[in-house]
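Peer 1: Build me a structure from this.
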Amino acid sequence: MEYCRKNKDTIKAFLVYKFDRLARNTLDHQTIRALLITYGTQVISVTEPTDDSPAGRLLETMLASIAQFSNEIRGERAKNGMMERFKKGYWSWYIPVGYRKKHIEDARGKIIEKTMEVDPLKAPMIRQAFEEFSSGLFSLRQMAERLDAKGLRSNLDKRICQQKLSHILRNKFYIGLQCSKKWGLEIQGHHEPLISEPLFYKVQSVLDGHRTNNSRQMRQNPDFPLRGGFLKCGHCGNPMTGSRSKGHSARYSYYHCYNPSCDHTAIPRADLNTAFEKLLQSIEQTDEIRQRFREKVMQEWEKRYKTLNKRNTQVQKDLDEIEAERKRIVALKVKEVFDDATYQEQIEQIKERTALKKLELHEGQTDEYSIETTMIYAERCLKDIRILWCDLNTAQKKQFQTLIFPNGLYWDYPGFRTADLAPSYLALDALARNDEPLVSRVGFEPTTNGLKVHCSTAELPAQGSASSSVIRH
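Peer 2: Below you'll find the predicted structure:
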């Protein structure tokens with residue numbers, strides 16, 4: 001086609017063995033024929049003579065339609081054949097990670113059946129991934145990093161990214177089932193399961209955000225958001241927990257040391273929670289610092305935005321290359337280089353790679369449009385951190401307070417021990433002093449009021465009082 005375009009009005013005829021070698025549907029045939037006519041070239045089938053008369057064009061169109069009909073019949077037969085094979089429990093598409101191809105040969109070495117078997121190298125790592133993730137102690141990113149460190153790769157020799165890992169953990173293939181959304185079928189396969197059904201559904205519970213660990217659920221009591229390892233006893237270093245005691249007319253809630261041999265008195269829940277709210281209030285930033293923070297972040301974002309555009313350009317280039325590869329595979333299928341099963345496997349791989357690249361491209365676009373929303377939320381964290389914490393549910397409070405105080409807090413009876421803030425808050429000291437770096441240097445001891453929080457050692461008010469003043473700036 002390109003040669004005919006470059007040699008317009010020079011090439012008089014474009015020869016094909018049969019019209020079905022030119023295109024497999026009528027629309028494509030007519031499109032190619034019309035394009036070649038603009039180049040001054042006529043399509044001629046050496047086995048199906050036609051001419052440029054009305055009858056000849058009608059015959060050519062009929063032959064193109066017959067070619068399309070024949071191709072669709074073959075496609076329907078291939079589809080039905082694959083469905084029947086699927087219903088019998090045989091997998092015909094991309095082999096999941098943890099399995100590998102297996103060819104069964106007869107006595108003469110001829111392949112009589114294509115199947116799969118457990119990969120002795122990858123299968124143990126997949127099993128371990130399910131077992132470790134079911135504990136609820138790892139995120140998808142952490143688990144993907146662990147698998148990468150162990151050297152696990154996909155069957156295309158690619159790293160196991162978060163999206164791929166999520167697909168693996170959701171795939172019922174590993175418990176012996178074959179599922180097809182297209183056909184709405186779920187069939188017991190002939191392949192060997194890698195994991196048990198209870199383990200699989202436990203992983204699904206973790207992925208859906210549900211934890212089966214009873215002690216973890218118990219720590220979500222809204223009356224005690226600081227317990228669960230975040231708050232520690234300043235005397236013995238053990239975690240502090242919470243409980244209720246029955247009085248004469250009501251039940252009272254207290255924080256106390258988890259260590260039974262620690263003889264320090266319990267602290268009323270309301271008093272300690274109020275003390276923590278005042279601690280949060282003490283690190284709220286002024287309007288001036290928040291403005292400097294916004295300006296600095298936006299400067300850094302401009303740099304990142306350029307990098308983001310460069311990455312998106314590369315991702316789009318990768319998508320173009322994948323599309324070119326898809327067209328090449330389609331062209332080879334037209335030439336019947338591939339059988340239907342091999343062609344389908346190649347196309348499934350192309351679809352998976354395309355989906356991953358489009359997701360990567362979408363993530364870059366999401367970053368582009370979410371910066372303003374992120375800045376609004378960040379500024380609120382700097383201004384109204386106490387109110388923000390109070391508005392969260394218990395699980396969110398635990399995550400939020402750990403982000404601010406990554407090492408937790410110690411209660412020194414009374415008052416909090418000097419709190420170590422996260423690096424992101426320490427970096428604000430540089431802004432307060434008008435320094436250039438956004439992130440503080442390693443080993444730097446911040447001195448700005450409110451960044452390194454000191455707590456008073458004044459006694460808490462007597463039990464039953466409305467509040468306590470335990471924070472001293």
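
Peer 1: Residue 4: helix or strand, and which one exactly?
Peer 2: Using DSSP states H and E, residue 4 sits in helix 2-6.

Peer 1: should've said residue 130
Peer 2: Element membership for residue 130, per DSSP H and E: helix 123-134.

Peer 1: What is the helix ranked longest in the chain packed up against?
Peer 2: What stands out as the longest helix in the chain, according to DSSP state H, is helix 287-334. Secondary-structure packing of helix 287-334 (3 or more Cβ pairs under 8 Å, 6 or more residues apart in numbering; DSSP states H and E): helix 340-383, helix 428-432. In this view, the C-beta of every residue, glycine as well, is placed from N, C-alpha and C.

Peer 1: so can I have a markdown table of the ones you listed showing mean neighbour count?
Peer 2: Shown next, in a markdown table, are the helices and strands packed on helix 287-334 (neighbours: other Cβ atoms under 10 Å):
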| stretch | mean neighbour count |
| --- | --- |
| helix 340-383 | 15 |
| helix 428-432 | 21 |
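
Peer 1: Any buried residues in stretch 103-119, and which?
Peer 2: In terms of neighbour count (16 or more other Cβ atoms under 10 Å), stretch 103-119 has its buried residues at 116, 118, 119.

Peer 1: The second one and residue 99 touch, don't they?
Peer 2: Which is residue 118. Yes - the criterion here is Cβ atoms under 8 Å, and residue 118 meets it with residue 99 at 6.2 Å.

Peer 1: So residue 44: helix, strand or coil?
Peer 2: strand (DSSP: H, G, I helix; E, B strand; the rest coil).

Peer 1: so how far is residue 12 from it?
Peer 2: Per Cβ to Cβ, to the nearest Å, residue 44 is found 9 Å from residue 12.

Peer 1: More neighbours: the two, which one.
Peer 2: Ranked by neighbour count (other Cβ atoms under 10 Å), residue 44 and residue 12 place residue 44 first, with 16 against 9.

Peer 1: partners of the more buried one in the sheet?
Peer 2: Using DSSP bridges, the bridge partners assigned to residue 44 are residue 15.

Peer 1: host element of residue 261?
Peer 2: In the assignment (DSSP H and E), residue 261 maps to no helix and no strand.

Peer 1: Got the phi and psi for it?
Peer 2: Dihedral pair for residue 261: phi -80, psi -10, per degrees, to the nearest 10.

Peer 1: count of residues packed around it?
Peer 2: Per other Cβ under 10 Å, the neighbour tally for residue 261 reads 7.

Peer 1: So residue 255 sits against residue 266, correct?
Peer 2: Yes - using Cβ under 8 Å, residue 255 is in contact with residue 266, at 6.6 Å.

Peer 1: Neighbour count for these two, which is higher?
Peer 2: More crowded of residue 255 and residue 266, by other Cβ under 10 Å: residue 255, with 22 against 17.

Peer 1: Now the more buried one: which helix or strand?
Peer 2: strand 251-257.

Peer 1: Sheet partners, orientation included, of that strand?
Peer 2: Here strand 251-257 is paired, per DSSP bridges, with strand 240-246 (antiparallel), strand 267-268 (antiparallel).

Peer 1: which of those is buried the deepest?
Peer 2: Highest mean neighbour count among these (mean count of other Cβ atoms under 10 Å): strand 267-268, with a mean of 21.

Peer 1: returning to what we had before: in strands, which of the buried residues of stretch 103-119 appear?
Peer 2: Mapping these onto strands (DSSP state E) picks out 116, 118.

Peer 1: Nearest to residue 26 among the buried residues of stretch 103-119?
Peer 2: Relative to residue 26, the closest of these is residue 116; by Cβ to Cβ it sits at 39.1 Å.

Peer 1: unless I'm mixing things up, the closest one is touching residue 99, no?
Peer 2: Yes - if you go by Cβ under 8 Å, residue 116 and residue 99 touch, sitting 4.7 Å apart.

Peer 1: Using PDB, write down the CA coordinates of the strand holding residue 255.
Peer 2: As requested, the backbone C-alpha atoms of strand 251-257 are provided in PDB (Å, rounded to 0.1, in the frame of the first residue of the first chain):
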ATOM      1  CA  ARG A 251     -19.500   3.000  84.100                       C
ATOM      2  CA  TYR A 252     -16.300   5.000  83.800                       C
ATOM      3  CA  SER A 253     -13.700   4.700  81.100                       C
ATOM      4  CA  TYR A 254      -9.900   4.800  81.800                       C
ATOM      5  CA  TYR A 255      -6.600   4.400  80.000                       C
ATOM      6  CA  HIS A 256      -4.100   2.400  82.000                       C
ATOM      7  CA  CYS A 257      -0.800   0.500  81.400                       C
END
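
Peer 1: chain center to stretch 377-388: distance?
Peer 2: Distance, stretch centre to chain centre, for stretch 377-388: 27 Å (Cα atoms, centre = their mean, to the nearest Å).

Peer 1: who's in contact with it?
Peer 2: 277-278, 280-281, 283-285, 289-290, 293-294, 297, 400, 404, 428 (Cβ atoms under 8 Å, 6 or more residues apart in numbering).

Peer 1: and residue 389, how many neighbours?
Peer 2: When counting by other Cβ under 10 Å, one arrives at 19 neighbours for residue 389.

Peer 1: Residue 187 versus the residue lying farthest from the centre of the chain, what's the distance?
Peer 2: The outermost residue of the chain, judged against the average C-alpha position, is residue 53 (59.7 Å), by Cα atoms, centre = their mean. Plainly put, residue 53 is 55 Å away from residue 187 if you go by Cβ to Cβ.

Peer 1: next one: residue 401
Peer 2: For residue 401, the distance to residue 187 - Cβ to Cβ - is 48 Å.

Peer 1: repeat for residue 337
Peer 2: Noted for residue 337: a distance of 30 Å to residue 187, by Cβ to Cβ.

Peer 1: of those two, who's got more company?
Peer 2: Shown here are residue 337 and residue 187; by other Cβ under 10 Å, residue 187 has more neighbours (17 against 11).

Peer 1: who touches both of residue 116 and residue 99?
Peer 2: Common neighbours of residue 116 and residue 99 (Cβ under 8 Å, 6+ apart) are residue 191.

Peer 1: For residue 134, give me its contacts.
Peer 2: Contacts of residue 134 (Cβ under 8 Å, 6+ apart): 199, 202, 203, 206.

Peer 1: farthest pair in these?
Peer 2: 199 and 206 (10.8 Å).

Peer 1: any idea how far whichever strand or helix holds residue 402 is from the chain center?
Peer 2: Residue 402 belongs to helix 394-404 when assigned by DSSP H and E. Here helix 394-404 is found 22 Å from its chain centre; the criterion is Cα atoms, centre = their mean.

Peer 1: That helix to helix 340-383, inter-axis angle?
Peer 2: Helix 394-404 runs at 70 degrees relative to helix 340-383, counting by axes from the mean of the first three to the mean of the last three Cα atoms, to 10 degrees.
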